[in-house]
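[1] coords please:
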Amino acid sequence: MPSRILSTVENLLAAIPFAVVALVAFVNVLSRYFLNVSLAFTGEVTVNLAVWMVMMGAVIGLREGAHLGFAVLHERARGHLRTAMTVFITAAILAFLAILLYFGMEMALQQAERGRGTPSMEIPQWLFTIALPIGALLGGYRAVEAGVRTAKAPTAETTPQTDAEVER
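    Next comes the predicted model:
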């Protein structure tokens, strides 16, 4: 159940910024077409919300096993080699996310302390930057979850063949 709730939160943290960007872009197009006026804040909102969309998209990719990678060697590996590769890949992802967590949190705290706002709308910049450490935390959880799932998954060598494979 907690994983289902977490999945819903992750999906919302990706979908809400996407919906806002779509709405803002649509309003800007209408404004340019009917009023011949471009809304200055649209670029600012779009770029800053892209941080949320990218981070949450990466987390969802880890959750769904859809992250990019050179999987050929890993998929062909068997036994202890496959387990070692899974541990190495998971550790590398966690190391990257730990760095992102540290520096993202440091940047967000500095922006909050200085009261830095976005140029046009003066929205506190840390509201966008906080996506980095939040994404890193959620991504770390999902990376461990994916690593455990991959380590426990049977390899092609040990899985029963389907009827279609037997007929070949």
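[2] what helix or strand is the most centrally placed residue in the chain on?
    The chain has Ala58 as the residue nearest its centroid, 2.1 Å off, counting by C-alpha atoms, centre = their mean. Applying DSSP states H and E as the criterion places Ala58 in helix 41-64.
[3] Counting neighbours, which bits of that helix end up buried?
    42, 44-46, 48-53, 55-60, 62-63 (16 or more other C-beta atoms under 10 Å). For every residue, glycine as well, the C-beta is placed using N, CA and C.
[4] Output the longest helix belonging to the protein.
    Longest helix in the chain, counting residues (DSSP state H): helix 79-114.
[5] Determine how far the helix or strand following that helix lies from the middle of the whole chain.
    Using DSSP H and E, the helix or strand that follows helix 79-114 towards the C-terminus is helix 126-129. Relative to its chain's centre, helix 126-129 lies at 16 Å (C-alpha atoms, centre = their mean, to the nearest Å).
[6] Buried ones in the helix or strand following helix 126-129, by neighbour count?
    Scanning forward in sequence from helix 126-129 by DSSP H and E, the next helix or strand is helix 131-152. Of the residues in helix 131-152, 131-143, 146-147, 150 count as buried by neighbour count, 16+ other C-beta under 10 Å.
[7] can you check stretch 105-115 too?
    Neighbour-count burial for stretch 105-115, counted by 16+ other C-beta under 10 Å, picks out Met105, Met107, Ala108, Gln111.
[8] can you count the residues close to the closest residue in space to the second one that isn't next to it in sequence?
    For Met107, ignoring the flanking residues on the chain, the nearest one in space by C-beta to C-beta, 6 or more residues apart in numbering is Thr129 at 5.4 Å. Around Thr129 sit 22 other residues, with neighbours defined as other C-beta atoms under 10 Å.
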